[in-house]
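> Take a look and give me a structure for this.
(4 chains)
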2 protein chains.
Amino acid sequence: MTHQEHLPFRALSDPTRRAILLMLRDHDMTVAQVSENFDMTRAAVKKHLTVLSDGGLITTSKRGRERVNALNPQGLAPVLDWLGFFDAFWDDRLTALKSAVEKDMQ
Amino acid sequence: MTHQEHLPFRALSDPTRRAILLMLRDHDMTVAQVSENFDMTRAAVKKHLTVLSDGGLITTSKRGRERVNALNPQGLAPVLDWLGFFDAFWDDRLTALKSAVEKDMQ
DNA sequence: AAGATATGAAACCATAAGGTATCACGATTA
DNA sequence: TAATCGTGATACCTTATGGTTTCATATCTT
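Next up is the predicted model:
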């Protein structure tokens, strides 16, 4: 199975990994830079980065001896698609919520 | 901590639980009815239903000796909110995707 | 009342997941 | 070239997770 659609969902299930994604919104970061922001070893952070990469939510590239991690927003597409299955419900019951979320989109 | 925002993410991380949510789009279902659709014991399905309930994604009510499980679309709000953090990226890079998803919303 | 049915809860098991420490190695710098 | 730096990989540990079986209990049904 090359097409593992559940990997993005799994990647998003951990708070540390969601925090990493938010950090990468602002700028790409090396493994060490990401690690500085957490109270755990670099090896542990590296594992989270691997899960994020497997889920397609980040991309990585080598820069000298460093490895740069970059957000890959397209990786969220499977999640958005799946949430789309509930659009009918939103139309019925969550109009207010939808408009609130879309207001954030500016 | 009463406000466990990560519980919806955790609930969505399992394929069985996502499948249950899709089933509940169509109609409310008892525990036994949900279980019929999976190749696992009723007890295992019950555990998934508990996780979904803890995450706020379903609500349950007793009807005689049965317990009816109903989709709670509002439970997806934390997930939508979180995904909203990436709207700026979508505006920049994912306009096509966004419009495709919104087309599904009809 | 007795039996069947639907559920809930508990004990248990195997594997996955998140963490650590340690070592190896390529790239940089003194 | 030698030391250091950033990373990757492995072994290992503990707890969480997803599953099972079994039993108790409340509610229907006859």
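> Show me where chain A dips below the pLDDT cut-off.
Where chain A drops to pLDDT under 70, the residues are A:1-3, A:91-106.
> need the residues of it near DNA strand D, please.
A:30, A:31, A:32, A:35, A:42, A:43, A:46, A:49, A:60, A:65, A:66, A:67 (Cβ under 7 Å from any atom of the strand). Backbone N, C-alpha and C define where each C-beta goes, glycine included.
> Among those residues, name the ones in strands.
A:30, A:60, A:66, A:67 (DSSP state E).
> so what's the closest residue to residue A:71 other than its chain neighbours up against?
With Cβ to Cβ, 6 or more residues apart in numbering or on different chains as the criterion, residue A:71 has its nearest non-adjacent residue at 4.0 Å, and that residue is residue A:24. Going by Cβ atoms under 8 Å, 6 or more residues apart in numbering or on different chains, residue A:24 touches A:58, A:69, A:70, A:71.
> Quick one: which of the residues of chain A next to DNA strand D is the most crowded by neighbours?
Neighbour counts for the residues of chain A next to DNA strand D peak at residue A:49, which has 22 neighbours (criterion: other Cβ atoms under 10 Å in any protein chain shown).
> From residue A:42, how far out is the residue nearest to residue A:71?
17 Å (Cβ to Cβ, to the nearest Å).
> do the same with residue A:87
According to Cβ to Cβ, residue A:87 stands 41 Å off from residue A:42.
> How about residue A:74?
From residue A:74 across to residue A:42, the span is 27 Å (Cβ to Cβ).
> How about residue A:71?
20 Å.
> Count the residues that sit near residue A:82.
17.
> does it sit in a helix or strand, and which one?
Secondary-structure assignment from DSSP states H and E places residue A:82 in helix A:77-83.
> tell me which residues of that helix are tucked away?
For helix A:77-83, the neighbour count (16 or more other Cβ atoms under 10 Å in any protein chain shown) marks A:77, A:78, A:79, A:80, A:82, A:83 as buried.
> Between those, which sits nearest residue B:14?
residue A:82 (12.8 Å; Cβ to Cβ).
> Return a PyMOL selection command for the buried portion of the contacts of residue A:24.
Buried members of the contacts of residue A:24, defined by 16+ other Cβ under 10 Å, are picked up in PyMOL with:
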select buried, chain A and resi 58+69+71
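> Out of the contacts of residue A:24, list just those in strands.
The members of these that map onto strands under DSSP E are A:58, A:69, A:70, A:71.
> And the third one, how close does it get to residue A:29?
This means residue A:70. Computed as Cβ to Cβ, the residue A:70 to residue A:29 distance reads 8 Å.
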